[in-house]
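Q: fold the stuff below for me.
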Amino acid sequence: MRFPANACVAALKRAERLPAGALVRPPMDYAPGRRRDLRVDHIVDRVAFLGRGGAQPTRVELERLLGTNDLVDEFYLERALLSAYPVCRISIRSTTEHERGCATGVMVSPRLLLTNQHVFGSADEAAPSIAEFNYRFDVAGRPETSYRFRLRPDVYFFNDEALDFALVAVETQSMDDGTPLSAFGYHRLIPESGKALVKEWMTIIEHPGGARRQFAIRENECIDDQDPDVIWYMSDTAQGSSGSPVFNDSFQIVALHHAGVPNQDDQGLFILKDGRKVDDLSDVDDSEVDWKANAGIRVSRIHACVTQKAQEKNGCLAEFKAASQGGDILSNAYEGNGPGRSIVSNTRIQPGGGSSGARLVIGTLVLELNSEILARAVTGAVAPGRGLAVDPAVAIGDGDSSLVEGFKEPFVDTDYTSRAGFDPGFLGLSTPLPKVKDKTLIAPMLDGRTAIPYEHFTVVLHKERKLAIFTASNVDGSAAAKRPETGKDYTRDALTGLVSGQLEKWVIDPRIDAGFQIPDAFYNKDNGAFDKGHIVRREDVCFGKTYAQVRRANGDTFHVTNCSPQRGNFNRSQLHGIWGNLENFIGAQADTERFCLFAGPVLAKNDRVFVGTQRVQLPTRFWKVVCAVKGGKLQAFAFLLEQDVKDLPLEFQLTAEWKHKQLTLKALEKIVGLVQFPDLYHAADQA
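A: This next block holds a predicted model:
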């Protein structure tokens, strides 16, 4: 991604609200066209790392560091492919073995995997999870065989919230066929700092959104290296990139990818790619956000934290320390080129001729130094303190300006015995469920029931289309029901249990055969075509007598049984979506703040097919029947809304056009086809 015009001047706001222990950094002063000057001591330090592990630096490598040549040697590509072996996809799993989310990790010793603390906040979170290596496509674009390893936090686990990293042991043999973990090698974490220079290109190896392995190459420029804890860079990362290793051009890890920073204006509003501004990103898809920078935690700080704070267990800490000295996948590849050497001792500056001002002499190789660099060197700009003057520090990580990338399952109460589903007596008058004309189309629960009960709502699922035939929900908008316990946090992030900025991963309902459900992966690998549209709106059913009941209802709406592909501007009222605006309008019509909603997609036989992770027919119309009590009598309002999806297979980012209208319930039944409402609703019809 590219930086916006105002770049990093106001990158991190509201720092005063940060918790103790948060990362601290000086404000960035990068702007397009401005080049932070490289100091001679920085160049010397960076050159010193080129020979680590026995590598022989080439003229092209050294010229690239000075910005005089952007070519790469052929071995750059070989190193890139080799460096990918220790990088894995992390499948974040629940105790019931279903996938809750995904991230990226990298082996940093023969047994230890490094990822983010916000991926594994505890050993218990890591215990059910899996590391999957070689999860990639082959040269022909076909999926290769991957190898899954169980995590072993019981053998070793250590994390640090302030630096956002976690170390966890991995089983030594794969679950699949006993492949040894050693086959994938590891990357050493070099304890010293100075492995990256401003304006140098970074390479990130990642599994964004749980996808097969990808490389973010070039377009990843180091833009600020003055923070003792964090390196800032521009890069193409996505949800699920948490825990990705950030490499320099020598493929030494310089940082652990930590967070993305969204663009904000002077008032603190978040700027989206289409120019709109919002004050909260919790309901905004990551693909719509104008991300202006990424932050990675320095591996030198991670190494120091581990050696200073971590306790030995099962020999893993000693192994980690030894691994930082060699034996890594690149050092092994360099074997035969001689022992690791420090070329900084053979590096010096000497007067130059012509306009260059000075030469950097590295062994027998001589490179010309810019006269501006020389001027700073001889006037004392290069000093033992090593650091340019900076403004007073501000902090990152407050959840407003630095969004942690992650992809996790929200809180879902998996004890389903308490779910009563839709209450037909909720309004004080009878509101029975509609009937499905052909019951053979219903996807049954494992216990044989055809109506799936959740907290305050019910779903009837189509077994072939894998979408709701209809949903029925009770709604109570009163303040007392929405916030039954004082002192509790009822925000979306608090109810879901996720860090601000993380995306919710929708879950399969274990009470129904998974073959009848469209998995969350379909919606996350669609090139941004769809929202995961709630048929039953989260806000509608988040009420109850206790906080636990509200939270349970919130989590229930994130089951994929309640999901349908919808365009982004369709179901978000704050984005002027008609569906959301209609719900807001209806909520103001009743005598009380209670009403009932029946809703679903129109599952037409001629709906177009979208081929993603599976073939799915896309509904183009959605319907809603609202029931309220007015003057002691039942009233019913039927609505039909239509979305334009004709452009989706080719042009995913076009704005959909919407039409909506109120119509008679009888006319709606004819359009829907599958559902029949009892006579009492027809008698209450207000059209």
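
Q: could you find the closest non-adjacent residue to Y681?
A: Nearest residue to Y681, sequence neighbours excluded (CB to CB, 6 or more residues apart in numbering): A636, at 4.9 Å. The C-beta positions use only the backbone N, C-alpha and C, and glycine is treated the same way.

Q: is the one you found in a helix, a strand, or coil?
A: Assigned by DSSP: H, G, I helix; E, B strand; the rest coil, the conformation of A636 is strand.

Q: check it and give its pLDDT.
A: The model reports A636 with a pLDDT of 91.

Q: please apply the same query to F165.
A: pLDDT, F165: 94.

Q: list the contacts for it?
A: F165 sits next to 114-117, 159, 256, 297, 302, 305 when contact means CB atoms under 8 Å, 6 or more residues apart in numbering.

Q: can you tell me which one of those residues sits lowest on pLDDT?
A: I297 (87).

Q: and the helices in the stretch 301-450 of the chain?
A: Taking DSSP state H, counting those that start in this stretch as the test, the helices found in the stretch 301-450 of the chain are 316-323, 329-333, 371-378.

Q: least reliable of those by average pLDDT, please.
A: Here the helices of the stretch 301-450 of the chain differ in mean pLDDT, and the lowest is helix 371-378 at a mean of 38.

Q: my understanding was that L618 contacts A604; is that so?
A: No - counting by CB atoms under 8 Å, L618 does not reach A604; the two are 10.0 Å apart.

Q: the two - which one has more neighbours?
A: Taking other CB atoms under 10 Å, L618 and A604 do not tie; L618 has more neighbours (20 against 16).

Q: lowest-pLDDT helix or strand in the chain?
A: strand 394-395 (a mean of 27; mean pLDDT, DSSP states H and E).

Q: ok, then the element right after the helix or strand containing E539?
A: Assigned by DSSP states H and E, E539 belongs to helix 538-541. Following helix 538-541 in sequence order, the next helix or strand is helix 547-556 (DSSP H and E).

Q: any weak-confidence spans in the stretch 251-400 of the chain?
A: Along the stretch 251-400 of the chain, the model assigns pLDDT under 70 to residues 259, 261, 282-287, 292-293, 335-400.

Q: 50 - rerun?
A: Along the stretch 251-400 of the chain, segments meeting pLDDT under 50 span 336-349, 353-358, 360-400.

Q: ditto for the chain
A: Under the criterion pLDDT under 50, the flagged ranges of the chain are 1-39, 237-238, 336-349, 353-358, 360-405, 526-528, 568-576, 645-659.

Q: so K273 makes contact with N263?
A: No - using CB under 8 Å, K273 is not in contact with N263; the gap is 9.2 Å.

Q: need the overlap of contacts for those two.
A: Common neighbours of K273 and N263, counting by CB under 8 Å, 6+ apart, are 289-290.

Q: state the distance from the closest residue to R538 other than its chain neighbours to S244.
A: Using CB to CB, 6+ apart and skipping the chain neighbours, the partner closest in space to R538 is T557 (4.5 Å). Separation of T557 from S244 (CB to CB, to the nearest Å) stands at 31 Å.

Q: between those two, which is the more surrounded one?
A: The neighbour count for T557 versus S244, taken as other CB under 10 Å, is higher for S244 (30 against 27).

Q: list the contacts for the more buried one?
A: Per CB under 8 Å, 6+ apart, neighbours of S244: 87, 104, 106, 204-207, 237, 256-257.

Q: cutoff 6 Å now
A: Counting by CB atoms under 6 Å, 6 or more residues apart in numbering, S244 touches 104, 204, 206, 257.

Q: of the residues you listed, which pair is most distant in space?
A: Farthest pair in those (CB to CB) is T104 and I204. Separation: 9.1 Å.

Q: quick one, which of the two is more surrounded?
A: A direct count of neighbours by other CB under 10 Å for T104 and I204 places T104 higher, at 31 against 25.

Q: is it true that that one touches E206?
A: Yes - contact criterion CB atoms under 6 Å: T104 and E206 qualify, at 5.0 Å.

Q: strands of the stretch 401-550 of the chain, start to end?
A: Per DSSP state E, counting those that start in this stretch, the stretch 401-550 of the chain carries strands over the ranges 403-404, 407-408, 435-436, 452-453, 457-461, 468-476, 503-504, 531-534.

Q: turn these into TSV, including mean neighbour count and distance to G141.
A: Converted to TSV, these look like this (neighbours: other CB atoms under 10 Å; distance: least, CB to CB, whole Å):
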stretch	mean neighbour count	distance to G141
strand 403-404	22	32
strand 407-408	26	24
strand 435-436	16	42
strand 452-453	22	38
strand 457-461	26	34
strand 468-476	25	35
strand 503-504	23	27
strand 531-534	22	27
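
Q: and the protein, what are its domains?
A: When the chain is parsed with automatic domain parsing, its domains come out as 15-336+393-404, 409-683.

Q: quick revisit: any idea which of the strands of the stretch 401-550 of the chain gets closest to T179?
A: Nearest to T179 among these is strand 407-408 (26.5 Å), distances taken as CB to CB.

Q: next, count neighbours for the nearest residue to D290 once chain neighbours are set aside.
A: Nearest residue to D290, sequence neighbours excluded (CB to CB, 6+ apart): N263, at 4.2 Å. When neighbours are counted by other CB under 10 Å, N263 registers 25.

Q: again, but for the one 3 residues further on
A: If you count neighbours by other CB under 10 Å, D266 ends up with 9.

Q: what's the answer for the one 10 residues further on, then?
A: Neighbour count for R276, taken as other CB under 10 Å: 14.

Q: ok, E99 - contacts?
A: So, once contact is read as CB under 6 Å, 6+ apart, E99 ends up touching 91, 93.

Q: at 10 Å instead, please
A: Contacts of E99 were listed using CB atoms under 10 Å, 6 or more residues apart in numbering, and they are 91-93, 128-130, 210, 407, 409, 505, 507-508, 519-521.

Q: just the helices in the stretch 451-600 of the chain please.
A: Counting by DSSP H, counting those that start in this stretch, the stretch 451-600 of the chain has helices at residues 479-482, 492-496, 520-524, 538-541, 547-556, 568-571, 578-586.
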